[in-house]
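Engineer: sequence? don't have it. structure:
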């Protein structure tokens, strides 16, 4: 996959993570988008490094999507725990 496809995958993974964890985010739309892109990268790295599932070259690989969404969920939860009360 190219860098552009990882960004698109990250945007979609961030949107899915936001859908699965609704609520108010401290960073808004831009922060959630950035978390999705970074989460896709982190999820893919964790999948390749520790789960022994190499990153697929195919954009429609289910394991790649699961890793990207999982990474986005982890980062979104961590972000809310660290900066959750900053917009009150």
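Structural biologist: Thanks, I have it. Everything numeric here is computed off the predicted structure, so don't read it as measured data.
Engineer: Is residue 14 in contact with residue 73, as I believe?
Structural biologist: No. Contact criterion C-beta atoms under 8 Å: residue 14 and residue 73 do not qualify, at 9.7 Å. Using the backbone N, CA and C atoms, a C-beta is placed for each residue, glycine as well.
Engineer: and residue 16, what element?
Structural biologist: Applying DSSP states H and E as the criterion places residue 16 in helix 3-20.
Engineer: Counting by contacts, list what that helix packs against.
Structural biologist: Other helices and strands packing on helix 3-20, by 3 or more C-beta pairs under 8 Å, 6 or more residues apart in numbering; DSSP states H and E, are helix 28-49, helix 62-83.
Engineer: if we look at stretch 18-33, which residues are touching it?
Structural biologist: The contact list for stretch 18-33 (C-beta atoms under 8 Å, 6 or more residues apart in numbering) reads 10-11, 14-15, 17, 34-36, 69, 73, 76-77, 79-80, 83-84, 86-87.
Engineer: Now tell me which of the helices and strands packed on helix 3-20 the model trusts least on average.
Structural biologist: Across the helices and strands packed on helix 3-20, helix 28-49 has the smallest mean pLDDT, namely a mean of 78.
Engineer: Flag every buried residue along that helix.
Structural biologist: Under the neighbour-count criterion of 16 or more other C-beta atoms under 10 Å, helix 28-49 has 32-44, 47 buried.
Engineer: picking up where we left off before, distance to residue 3 added to the helices and strands packed on helix 3-20, as TSV?
Structural biologist: Compiled in TSV, the helices and strands packed on helix 3-20 are given as follows (distance: least, C-beta to C-beta, whole Å):
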stretch	distance to residue 3
helix 28-49	10
helix 62-83	14
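Engineer: Buried ones among the contacts of stretch 18-33?
Structural biologist: Looks like the contacts of stretch 18-33 have 10-11, 14-15, 17, 34-36, 69, 73, 76, 79-80 buried, using 16+ other C-beta under 10 Å.
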